[in-house]
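**Q** Sequence isn't available, so here's the structure alone:
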């Protein structure tokens, strides 16, 4: 089976169907075959997105982008601090 990246919206849609299939009594193996995903992927999705709602996805993406931007800013500031401290000691 070829690799395919699913969007978070697609994953949540599939998880809703998976939960319905589990309630109907299907086994997890049957559900993974029906959804065309591996058993490991299915279990990872259930673990990661168990309580997520579709409305929270844009906010989560926004927070991840902000977190990435802030981490980059911290690295830049730490680099500047090291350069300035070496310059203050006369090691330039």
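**A** That came through fine. Just so we're clear, the structure is a prediction, and the values are computed from it rather than from any experiment. Residues are numbered from 1 along each chain as shown.

**Q** any idea which element residue 64 lies in?
**A** Element membership for residue 64, per DSSP states H and E: helix 56-89.

**Q** what residues are up against residue 70?
**A** By CB atoms under 8 Å, 6 or more residues apart in numbering, no residues touch residue 70. For the C-beta atoms, the positions are set from N, CA and C on the backbone; glycine is no exception.

**Q** ok so, going back, now the helix holding residue 64, how far from the chain's geometric center?
**A** Centroid separation between helix 56-89 and its chain, computed with CA atoms, centre = their mean, to the nearest Å, is 20 Å.

**Q** Could you pull out the buried residues of that helix?
**A** Of the residues in helix 56-89, residue 57 count as buried by neighbour count, 16 or more other CB atoms under 10 Å.

**Q** What mean pLDDT does that helix get?
**A** Mean pLDDT, helix 56-89: 90.

**Q** Over to stretch 16-24?
**A** On average, stretch 16-24 scores 88.

**Q** buried set for that stretch?
**A** 18, 21.

**Q** Then stretch 25-32?
**A** 31-32.

**Q** and for it, what are the contacting residues?
**A** 18, 21-22, 34, 38-39, 41-43.
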